[in-house]
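**Student:** Following is a predicted model, sequence given first.
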Amino acid sequence: MIVLFFIPLFIVALAKRLLSPKQTKSIDKKHVVVTGGSSGIGKSAAVLAARKGANVTIIARNLERLSSAEKEIAAACIHKDQIVTSVSVDVSNRKAIQSELDKLEEKIGPIYMLINCAGMALCGKVEDFTEQDINTLISANFLGTLYPIQSVIPKFKDRKEGIIVLTASQVALMGMFGYSIYSSCKFALRGLAESISMELKPYNVSVTLALPPDTDTPGFENENKTKPEETHLISQTGGLLAPDTVAEKLLQDALVNNFFSVVGFESFILTTLCTGMSPFASLLELMIQSVLLGPLRLIGAYYLTSFDKIIQKCYLTKQKSQ
């Protein structure tokens, strides 16, 4: 099993030597909108965009957090005439977000890049979720991404340029104990990303699906409050990343037109295993995926077995305590 871990590493290292660097798009003086931009990955992405010379608008609901984040983003600007602004609106309200994005285009200029980071997680066993819990998760994670995208697409098509980023999760590729409803919403984002990528390709509009692992954000802290023990134990195997790390990779991948944005070796394994009918950036990438699928399936089976053992151990412990 240890040998199998080194096969993908060797191939990836070789591929990096063979791959020529992709052309990176510029967002200097262009308008970047970030939903969920008042904290976490969204705020980090907004700060990085400002450092690249972009005019940045962040969207969220909490006015206090928006104000604080706006100041931090403004401090990262590299041009005196850069514009940084914030909007408080519910992104899962289609009419409201459409109206606000239209106003932003009139006030600041055409939106070139939309980074969707709004979302939240509630954990638990599937039978314990209330109807309100389910509606909240669907609104925050799916509708809150779908509606901003629907709002910008017609103008992106007219201008024949644009970048759309959807922030999903590793559980957009595999279901996990405790994440039944959240994972369902993130799986939906993958389907949305693949579909619109196909729709928008003729219009020179690129789509990137970010698949971050556990990230040290306020949302993650809140998520931990509802995690079953099994979910905690499984999550610990993957570690915890800083939002700046995730945001930097997200922006980098989006600007070179990569469909998937992943951070870390475990994320690479999972994404390659689940690539399916997703877009590929080059023939070489396709060849690498084809070669790795067999060995990585064995590694994936190893992880699944270890997760099952964790769940079984927790089950037996609970049975004994009853």
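**Tutor:** Yes, it's here. This is a predicted model, so every value here is computed, not measured.
**Student:** any idea where the strands of the stretch 201-322 of the chain begin and end?
**Tutor:** Along the stretch 201-322 of the chain, the stretches classed as strands by DSSP state E, counting those that start in this stretch are 205-210, 260-261.
**Student:** and the nearest residue to Met174 once chain neighbours are set aside, how far is that from Ile78?
**Tutor:** Using CB to CB, 6 or more residues apart in numbering and skipping residues adjacent in sequence, the residue nearest Met174 is Leu270, 6.5 Å away. Where C-beta positions appear, they are placed from N, C-alpha and C, glycine not excepted. The gap separating Leu270 from Ile78 is 36 Å, by CB to CB, to the nearest Å.
**Student:** so can I have CSV of the strands of the stretch 201-322 of the chain showing mean neighbour count and distance to Asp90?
**Tutor:** What follows is the strands of the stretch 201-322 of the chain, written out as CSV (neighbours: other CB atoms under 10 Å; distance: least, CB to CB, whole Å):
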stretch, mean neighbour count, distance to Asp90
strand 205-210, 25, 22
strand 260-261, 24, 26
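**Student:** Dump those to CSV, plus distance to Ser180.
**Tutor:** As requested, these are arranged in CSV below (distance: least, CB to CB, whole Å):
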stretch, distance to Ser180
strand 205-210, 21
strand 260-261, 23
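**Student:** Thr317 is nearest to which of those strands?
**Tutor:** Closest to Thr317 of the strands of the stretch 201-322 of the chain is strand 205-210 (CB to CB; 35.7 Å).
**Student:** which residues of the stretch 201-322 of the chain score low on pLDDT?
**Tutor:** For the stretch 201-322 of the chain, applying pLDDT under 70 flags the ranges 238.
**Student:** Tell me where it has helices.
**Tutor:** Assigned by DSSP state H, counting those that start in this stretch, the stretch 201-322 of the chain shows helices spanning 218-224, 229-236, 243-255, 265-273, 283-321.
**Student:** Among these, show me which one is buried the most.
**Tutor:** Using mean count of other CB atoms under 10 Å, the stretch among the helices of the stretch 201-322 of the chain with the largest mean neighbour count is helix 243-255, at a mean of 22.
**Student:** I'd like the distance from that helix to the chain centre, please.
**Tutor:** Relative to its chain's centre, helix 243-255 lies at 10 Å (CA atoms, centre = their mean, to the nearest Å).
**Student:** Need the residues that contact it.
**Tutor:** With CB atoms under 8 Å, 6 or more residues apart in numbering as the test, helix 243-255 has contacts from 24-27, 40-45, 47-49, 52, 113, 115, 163, 165, 167, 206, 208, 210, 212, 215-217, 260-263.
**Student:** Buried ones among those?
**Tutor:** Buried members of these, scored by 16 or more other CB atoms under 10 Å, are 27, 40-45, 47-49, 52, 113, 115, 163, 165, 167, 206, 208, 210, 212, 215-217, 260-263.
**Student:** you'd agree Asp214 is up against Gly239?
**Tutor:** Yes: between Asp214 and Gly239 there is a contact under CB atoms under 8 Å: 7.1 Å.
**Student:** Pick out whichever of those two has more residues nearby.
**Tutor:** Applying other CB atoms under 10 Å to Asp214 and Gly239 shows that Asp214 carries more neighbours, namely 17 against 10.
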